[in-house]
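1. coordinates only, no sequence provided:
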């Protein structure tokens, strides 16, 4: 049970750009992937503006989460990251994994497997966090100001 948050499979579908997921987090996750793709090919003069857009997306996720996901303040352990920052890391990892897949020899380079393994770990960690938050076992830090 992860409602109202996206489950890990639905989040991963959104990260991959599959449009069958209709949820605010899915749209923001897709946008974060686009931002991280832009960062890979950005000129140094563009990085600040792109990174500002990334921060705005993370902040939007965090504000939505604060507003729409009940927070259990008493007895729940504090998590170190917001949902927005976790989804941002997953989006960045997905972009790196795709880049690794496209640029390295898949049959010989262990970095390819490592990149996809890391993505799987992050998505699994997100799923665990989503369940813990919804069940009131974890609480999230307040959103950072944009």
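-> Sure, I can see it. Small disclaimer: the values here were computed from a predicted structure and weren't measured.

2. low-scoring stretches of this structure, by residue?
-> 1-2, 146 (pLDDT under 70).

3. the helices in it, which residues?
-> Along the chain, the stretches classed as helices by DSSP state H are 8-15, 24-40, 44-68, 83-103, 110-134.

4. want to throw these into CSV with distance to residue 77 and mean neighbour count?
-> For glycine as for every other residue, the C-beta is placed from the backbone atoms N, C-alpha and C. Compiled in CSV, those are given as follows (distance: least, Cβ to Cβ, whole Å; neighbours: other Cβ atoms under 10 Å):
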stretch, distance to residue 77, mean neighbour count
helix 8-15, 20, 20
helix 24-40, 22, 19
helix 44-68, 17, 15
helix 83-103, 16, 20
helix 110-134, 8, 16
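
5. between those, which one is nearest to residue 144?
-> helix 44-68 (6.8 Å; Cβ to Cβ).

6. hang on, the earlier thing: among the helices of the chain, which is nearest residue 76?
-> helix 110-134 (8.3 Å).

7. any idea how far the closest one is from the chain center?
-> Once both centres are worked out by Cα atoms, centre = their mean, to the nearest Å, helix 110-134 turns out to sit 10 Å from its chain's centre.

8. repeat that for stretch 91-104.
-> That offset, for stretch 91-104, works out to 15 Å (Cα atoms, centre = their mean).

9. thinking again about what came up before, which among the helices of the chain is found nearest to residue 143?
-> Using Cβ to Cβ, the helices of the chain put helix 44-68 closest to residue 143, at 3.4 Å.

10. excluding chain neighbours, give the residue nearest to the one residue sitting closest to the centre of the chain in space.
-> With distances taken as Cα atoms, centre = their mean, the residue of the chain nearest its centroid is residue 87 (1.2 Å). In space, and not counting its chain neighbours, residue 87 is closest to residue 29: 5.3 Å by Cβ to Cβ, 6 or more residues apart in numbering.
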